[in-house]
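# Return a 3D structure for these sequence lines:
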Amino acid sequence: MSPTLPWPAQELGPTLVVSLNGSRDAADGAAVPMSPEDLVEAALAAVDAGAREVLVHPRTPCGRESLSPRVVGPLLEALGNAGIGAGARTLPDAAGPGEAGRVAVSVGAGAGAEPDHGGWPARVRSWTVLPDRVVVRFAEPGARELAEALLERGVAVDAEVAVGAEVAVGAEAWPGGLPGPLARFLAWPVRDPARVRLVAELSCADPGPAAELLRRLPPVAVVLFGREAAAWPVLRLAARYGTGARIGVGDVLHLPDGRAARSNAELVAAAARARGVTTAGNR
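Next comes the predicted model:
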């Protein structure tokens with residue numbers, strides 16, 4: 001039996017997001033796509049393998065993450081020309097934000113791409129091509145201001161927080177409530193829940209923190225994910241709870257059996273199989 005959620009599971013949307021590159025670079029191996037051409041090719045292959053959203057960290061020609069419109073715009077245009085994001089590639093069995101069957105594209109934002117957090121809102125306002133969503137790390141200063149600037153431009157927000165064992169203990173055990181990024185997110189008065197999603201990074205697949213997290217949340221969509229050794233156990237946990245999940249070279253470089261992944265598509269295909277087995281076991 002799957003755990004009982006505090007709101008209908010279909011509101012969460014069991015989306016599978018592929019993280020194409022994350023903070024990795026060419027030194028992490030050939031599976032990491034770097035150029036716009038490689039990112040488009042990787043995105044298309046991942047979608048064919050079962051991904052329903054694409055997360056990308058735009059990079060300059062020298063490989064540095066950037067939020068400059070001169071970097072973000074051309075990459076989004078290339079993805080759109082390939083049918084991802086604004087290009088509205090149609091899928092028979094998926095629904096993206098704002099348009100049924102569309103493969104959404106998300107952009108990762110944060111200190112790795114723009115060290116001056118005070119300049120993030122201005123960067124967003126300078127974009128001439130917009131993604132569907134932007135990942136905002138609530139562990140970083142200026143996250144709330146960035147999120148507000150994105151919503152003002154009509155871009156949905158993925159609020160990324162790290163969730164540890166302290167959540168399972170409960171806020172009553174902490175003077176002043178839950179610590180860190182999760183507390184900042186919960187204190188944010190979300191005016192448009194339909195355009196905000198919580199992306200929770202779990203350090204392990206302990207169901208305690210996940211259950212407590214879902215119990216405390218407002219009715220926003222949820223994606224659970226882990227990095228490296230936690231990636232596959234957390235993906236299976238997400239399938240148990242009926243939440244969205246995330247996988248890809250940006251989060252993990254190995255398949256569930258320990259073999260090195262050759263591509264994002266290989267990771268997505270393995271994730272789709274793992275989610276199917278877990279979901280079937282919950283019935």
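
# From here on, just use CA atoms for contacts and neighbour counts.
Fine.

# shaky segments in this protein?
The model of the chain has pLDDT under 70 over residues 1-14, 86-101, 165-179, 277-283.

# Could you check how many residues crowd around L255?
L255: 19 surrounding residues under other Cα atoms under 10 Å.

# My guess is it contacts A270. True?
Yes. Counting by Cα atoms under 8 Å, L255 does reach A270; the two are 7.1 Å apart.

# And the helices in the stretch 151-283 of the chain?
Assigned by DSSP state H, counting those that start in this stretch, the helices in the stretch 151-283 of the chain fall at 166-169, 180-187, 207-216, 231-241, 264-282.

# just the strands in the protein please.
16-19, 53-56, 90-96, 99-102, 104-109, 133-137, 156-163, 196-202, 221-225, 244-247 (DSSP state E).

# will you turn those into TSV that also has mean neighbour count and distance to G63?
Output for the strands of the chain, formatted as TSV (neighbours: other Cα atoms under 10 Å; distance: least, Cα to Cα, whole Å):
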stretch	mean neighbour count	distance to G63
strand 16-19	27	17
strand 53-56	26	13
strand 90-96	15	29
strand 99-102	17	29
strand 104-109	24	15
strand 133-137	25	19
strand 156-163	23	23
strand 196-202	22	25
strand 221-225	26	25
strand 244-247	28	22
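
# wait, which of those is closest to S66?
When the strands of the chain are compared by Cα to Cα, strand 104-109 sits nearest S66, at 8.4 Å.

# How far away from the center of its chain is the closest one?
Distance, stretch centre to chain centre, for strand 104-109: 8 Å (Cα atoms, centre = their mean, to the nearest Å).

# before we move on, what about stretch 241-257?
Distance of stretch 241-257 from its chain centroid, counting by Cα atoms, centre = their mean, is 11 Å.

# pretty sure F185 is touching A159, no?
Yes. The pair F185 / A159 is scored as a contact, 7.3 Å apart, by Cα under 8 Å.

# Look up how far S35 lies from the nearest residue to D48 once chain neighbours are set aside.
Closest residue to D48 apart from its sequence neighbours, by Cα to Cα, 6 or more residues apart in numbering: A265 at 7.8 Å. To S35, A265 is 17 Å away according to Cα to Cα, to the nearest Å.

# The two: who's more crowded?
Neighbour count, other Cα under 10 Å: between A265 and S35, A265 has more, with 26 against 16.

# The more buried one: what's it in contact with?
A42, A45, A46, V47, D48, A49 (Cα atoms under 8 Å, 6 or more residues apart in numbering).

# Quick one: the helices in the stretch 1-150 of the chain, in order.
9-12, 36-49, 69-81, 120-126, 143-152.

# Mind putting those into a markdown table with mean neighbour count and distance to G226?
Converted to a markdown table, the helices of the stretch 1-150 of the chain look like this (neighbours: other Cα under 10 Å; distance: least, Cα to Cα, whole Å):
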| stretch | mean neighbour count | distance to G226 |
| --- | --- | --- |
| helix 9-12 | 15 | 18 |
| helix 36-49 | 19 | 19 |
| helix 69-81 | 19 | 26 |
| helix 120-126 | 17 | 26 |
| helix 143-152 | 20 | 21 |
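
# quick one: which of those is nearest R236?
helix 9-12 (15.7 Å).

# if we can go back for a sec, out of the contacts of A265, flag the one nearest to F225.
Distance ranking of the contacts of A265 against F225, using Cα to Cα, places A46 first at 17.1 Å.

# How much space separates the nearest residue to the closest one once chain neighbours are set aside from E201?
Take A46 and drop its neighbours on the chain: the residue closest to it by Cα to Cα, 6+ apart is A265, 4.1 Å away. Using Cα to Cα, A265 is found at 21 Å from E201.

# Dump the strands of the chain to a markdown table, plus distance to V124.
Output for these, formatted as a markdown table (distance: least, Cα to Cα, whole Å):
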| stretch | distance to V124 |
| --- | --- |
| strand 16-19 | 21 |
| strand 53-56 | 16 |
| strand 90-96 | 22 |
| strand 99-102 | 23 |
| strand 104-109 | 10 |
| strand 133-137 | 10 |
| strand 156-163 | 12 |
| strand 196-202 | 17 |
| strand 221-225 | 23 |
| strand 244-247 | 24 |
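
# Ok, which of these comes nearest R70?
Of the strands of the chain, nearest to R70 by Cα to Cα is strand 104-109, at 14.2 Å.

# what does the closest one contact?
22, 52-58, 67, 84-86, 88, 96-97, 131-137.
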